[in-house]
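Trainee: here you go, sequence then predicted model.
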Amino acid sequence: MSEIKFKALKREKAGKGAARACRREGRVPAVIYGGKKDPVLVSLDPIELSKALDLADFYKSEIIIEVEGKEHKVVCQDVQFHPVTDMPIHVDFMRQ
């Protein structure tokens, strides 16, 4: 298992419109949930995410996401891909 790190930007709004706005800015919307804490809405750099998705053990790896100086240890729960371009359009991370 490898360790993967992302630097993410915090998003303020949830929902379809906010996720679409995030994608228009060239980022991939994501959510960090679990651990009896409130969910954190973030956006990821699509190039970093694509490189990490190419790793064979991405879904088993411990991932560290840094948001505003705070680190979250997570595992990838789900990645949603665009049906035509096969690019990631949303990621769900679960806290450990």
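Mentor: That came through, no problem. All values reported here derive from a predicted model rather than from experimental measurement.
Trainee: look up the closest residue to Val74, ignoring the ones flanking it.
Mentor: Excluding its sequence neighbours, the residue lying closest to Val74 (C-beta to C-beta, 6 or more residues apart in numbering) is Phe93, at 3.9 Å. The C-beta positions use only the backbone N, C-alpha and C, and glycine is treated the same way.
Trainee: give me the contacts around the helix or strand hosting His72.
Mentor: Applying DSSP states H and E as the criterion places His72 in strand 70-81. Contacts with strand 70-81, where a contact means C-beta atoms under 8 Å, 6 or more residues apart in numbering, come from 32, 40, 53, 58-66, 87-96.
Trainee: so of those residues, which ones are in helices?
Mentor: Judged by DSSP state H, the subset of those located in helices is Leu53.
Trainee: separate out the buried members of the contacts of strand 70-81.
Mentor: Neighbour-count burial (16 or more other C-beta atoms under 10 Å) applied to the contacts of strand 70-81 gives 32, 40, 53, 58, 61, 63, 65, 88-93, 95.
Trainee: so the residue nearest to Val74 bridges to which residues?
Mentor: With DSSP bridges applied, Phe93 shows beta-bridge pairing to Ile32, Cys76.
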